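Chemist: attaching a predicted model along with its sequence, questions to come.
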Amino acid sequence: MFDEIEFDKIKRLPKYVFAAVGELKMQQRRAGADVIDLSMGNPDGPTPRHIIDKLIESAQKPKVYGYSASKGIYKLRLAAADWYKRKYGVDLDPETEVVASMGSKEGYAHLVQAITNVGDTAIIPDPCYPIHSQAFILASGNVARFAMKLNDDLSLDEDAFVGDVKRCLTETSPRPKYLVVNFPHNPTTATVTPKFYEKIVALAREERFYILSDIAYAELTFDGYQTPSIMSVAGAKEVAVESYTLSKSYNMAGWRVGFVVGSPKLVGALAKIKSWLDYGMFTPIQVAATIALNGDQSCVEEIRQNYRRRRDALIKSFAAAGWEVVSPKASMFVWARIPPPLRDLGSLEFAKELLINANVAVSPGVGFGPAGDEYVRIAMIENENRIRQAAKNIKRYFKESGVKVSEESDPPYTQG
């Protein structure tokens with residue numbers, strides 16, 4: 001009789017297409033294959049030493065083992081406010097405009113749960129990071145999608161974006177209450193200018209909707225590009241919140257530390273729902289995160305330069321393998337269009353073929369939405385030597401598959 005009981009929210013969630021690649025990856029490894037995993041955005045470097053040392057120091061104090069504050073200890077919230085002041089010249093009240101979260105994903109998902117009424121609609125560009133859309137499904141809301149248009153350099157076509165938002169506001173019923181933006185973008189690496197935020201804040205104030213901005217990759221920028229923040233726009237606090245995470249900038253993915261800032265109404269809703277759901281992060285983690293934000297930032301530059309070197313190695317070696325991809329200006333990913341002879345496979349089958357024939361794992365673009373099906377996302381989570389080896393493996397597979405490849409000799413590879 002229990003078979004008759006349905007879980008509607010779970011039924012609304014799509015099949016997790018990344019699982020198919022994950023299972024195949026494990027099969028390859030069990031068979032002894034040296035799989036070069038470029039699929040997950042999971043930083044491979046260590047957390048900077050001074051942050052670890054602060055965690056150890058704090059964990060040795062006997063008073064830190066009780067429940068913490070669900071919205072984050074005050075010093076961490078103050079450090080987040082100070083980070084915004086230094087980086088963007090934005091003043092934030094750590095009491096009413098900042099909430100610490102267990103990574104930006106948790107903060108975003110719980111915020112959506114707090115502010116979404118049954119049937120509410122959010123505008124989500126396609127493709128998108130999966131939780132950006134599925135959080136609204138889990139909260140019994142709806143999603144209005146449009147295919148995001150990019151320029152040749154992977155910058156956002158900002159006018160087209162604003163036009164698509166206006167169209168969704170007019171054509172979607174019920175009228176959308178939220179817009180989700182994420183720049184630098186995951187998965188496409190798309191970037192925006194400060195003018196973009198001015199336009200959408202003005203539109204939100206005029207048309208009465210909220211904006212949820214995610215700048216998880218704000219510090220991972222290259223070639224002089226600097227990530228703007230929606231919080232820099234006058235009036236943004238009335239209509240927007242923004243989430244950030246220490247996962248990428250400080251190699252702290254497993255620590256699960258982030259924060260959400262902006263509109264007191266939305267931040268207050270997140271703080272309230274978190275007070276019912278959790279007791280906050282372990283206090284020594286919050287203390288160490290405070291040091292990460294307030295301390296020596298040279299570690300962030302080192303991490304950025306590490307990704308830049310990997311990006312340069314990937315772009316050059318993949319081009320030699322016959323795969324011309326656009327060099328991203330930000331993030332830890334490359335958004336690579338599948339070469340023409342193999343494009344008809346679709347991104348999931350292409351990703352499987354790449355695993356089987358080249359021992360290289362990537363994320364199929366369709367996992368981020370229908371508009372991503374001609375692409376795969378490549379994470380720069382292996383060192384330059386491994387990236388070059390991946391390119392050599394791919395080159396062999398491409399030759400067998402009819403993709404035109406360079407006849408130049410491959411760059412040297414040393415085991416590492």
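Modeler: Great, that's in hand. Numbers count the residues shown, from 1 in each chain.
Chemist: any idea which helix or strand in the chain has the lowest mean pLDDT?
Modeler: When the helices and strands of the chain are compared on mean pLDDT, DSSP states H and E, helix 8-12 comes out lowest with a mean of 80.
Chemist: buried sites along the host helix or strand of residue 385?
Modeler: With elements taken from DSSP states H and E, the one containing residue 385 is helix 384-401. Within helix 384-401, the residues that count as buried by 16 or more other CB atoms under 10 Å are 384, 386-391, 393-395, 397-398. C-beta coordinates here come from the backbone N, C-alpha and C atoms, glycine included.
Chemist: tell me what it is packed against?
Modeler: Based on contacts counted as 3 or more CB pairs under 8 Å, 6 or more residues apart in numbering; DSSP states H and E, the elements that helix 384-401 packs against are strand 36-37, helix 298-320, helix 347-358, strand 360-361.
Chemist: let's see it at 6 Å
Modeler: For helix 384-401, the packing partners by 3 or more CB pairs under 6 Å, 6 or more residues apart in numbering; DSSP states H and E come out as helix 298-320, helix 347-358.
Chemist: can you add distance to residue 145 and give these back as CSV?
Modeler: As requested, the helices and strands packed on helix 384-401 are exported to CSV (distance: least, CB to CB, whole Å):
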stretch, distance to residue 145
helix 298-320, 29
helix 347-358, 17
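Chemist: residue 28 reaches residue 36, doesn't it?
Modeler: No: the pair residue 28 and residue 36 does not pass the contact test of CB atoms under 6 Å, sitting 10.5 Å apart.
Chemist: which one's more surrounded, those two?
Modeler: Looking at residue 28 and residue 36 with other CB atoms under 10 Å, you find the greater number of neighbours at residue 36, namely 21 against 16.
Chemist: gap between the residue nearest the centre of the chain and residue 399?
Modeler: To find the centre residue of the chain, average its C-alpha atoms and take the closest one (CA atoms, centre = their mean): that gives residue 186, at 4.6 Å. When CB to CB, to the nearest Å is the yardstick, residue 186 and residue 399 sit 32 Å from each other.
Chemist: could you list the buried residues of stretch 108-127?
Modeler: Within stretch 108-127, the residues that count as buried by 16+ other CB under 10 Å are 108-116, 120-125, 127.
Chemist: also stretch 230-241?
Modeler: Of the residues in stretch 230-241, 230-233, 236-237, 239-241 count as buried by neighbour count, 16+ other CB under 10 Å.
Chemist: could you do stretch 194-213 as well?
Modeler: 196-201, 203-204, 209-213.
Chemist: and the host helix or strand of residue 238, what does it pack against?
Modeler: Here residue 238, judged by DSSP H and E, is contained in helix 236-239. For helix 236-239, the helices and strands in contact under the criterion 3+ CB pairs under 6 Å, 6+ apart are helix 194-207.
Chemist: contact partners for residue 391?
Modeler: Neighbour list for residue 391: 317-318, 321 [criterion: CB atoms under 6 Å, 6 or more residues apart in numbering].
Chemist: which non-adjacent residue is nearest it?
Modeler: With CB to CB, 6 or more residues apart in numbering as the measure, residue 317 is the residue that lies nearest to residue 391, at 3.6 Å, once sequence neighbours are left out.
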